[in-house]
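K.L.:
Sequence first, predicted model second:
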Amino acid sequence: RAGHHPAHEDEDAAKIRSMRALLGRGQPLEGLSAFAKEHGDAEFCRRVLRHYGGDLQRSMKRYQKALLWREANRELLLSRRFALAGDYRVLGVDAAGRPVLYTCLKNQILPVSQGFSQGVVAMLQAVENMPAGIDTATHVWDLHGASL
């Protein structure tokens, strides 16, 4: 990376090795399936570390939590089947190339608490449509019909 000091790259690599070591024999994530473990690659570690400002302990906790969640939600992630809870979908992309996710509360069929699976699938679709270099999305929440 341009402007990145080699010492920081060595430190980043060591942190990534520490995170990925959680997948090894005798470690907390040893028993996860290959499905869950494949998500815990070096690039995922980099994103988690960046999110937590390089804090290794916080990053390791999030890494574990994310891979355990992936294992627990394997069926949803593979099947992409969900109960239609309302209008939540990927519309397209914004001017910066980020996917745009849209929801309208007026079209809510089920309680918001029952729309989790639909939200996960919509966000997966958004991530899968992201071009290289894009790692954020735009969310539009149409509050028409919402009562506060």
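P.N.:
Yep, that arrived. In this text the structure is predicted, and so the values were computed from the model without any measurement. Numbering: from 1, shown residues only.

K.L.:
Can you tell me the element the closest residue to residue 139 other than its chain neighbours falls in?
P.N.:
Nearest residue to residue 139, sequence neighbours excluded (CB to CB, 6 or more residues apart in numbering): residue 101, at 5.0 Å. C-beta: built from backbone N, CA, C; applies to glycine. Here residue 101 is covered by strand 99-104, with elements defined by DSSP states H and E.

K.L.:
which strands and helices sit next to that strand?
P.N.:
strand 87-93, helix 116-128, strand 138-142 (3 or more CB pairs under 8 Å, 6 or more residues apart in numbering; DSSP states H and E).

K.L.:
Would you quantify the distance from residue 102 to residue 113?
P.N.:
In this view, residue 102 and residue 113 are 20 Å apart by CB to CB, to the nearest Å.

K.L.:
With neighbour numbers in mind, choose between the two.
P.N.:
residue 102 (16 against 7; other CB atoms under 10 Å).

K.L.:
quick one: the more buried one and residue 144 touch, right?
P.N.:
No. Residue 102 is beyond contact range of residue 144, at 11.9 Å (criterion: CB atoms under 8 Å).

K.L.:
could you point out which element follows the worst-scoring helix or strand of the chain on mean pLDDT?
P.N.:
Lowest on mean pLDDT, DSSP states H and E among the helices and strands of the chain sits helix 6-20, with a mean of 86. In the C-terminal direction, the helix or strand that comes right after helix 6-20 (DSSP H and E) is helix 34-37.

K.L.:
Which parts of that following helix count as buried, going by neighbours?
P.N.:
36, 37 (16 or more other CB atoms under 10 Å).

K.L.:
With stretch 50-60 instead?
P.N.:
52, 56, 59, 60.

K.L.:
now the second one: how far from residue 141?
P.N.:
Residue 56 sits 34 Å away from residue 141 when distances are taken as CB to CB.

K.L.:
Go ahead and measure how far the least confident helix or strand of the chain is from the middle of the chain.
P.N.:
Chain-centre distance of helix 6-20: 21 Å, with CA atoms, centre = their mean, to the nearest Å.

K.L.:
Which other helices and strands does that helix contact?
P.N.:
helix 42-51, helix 56-72.
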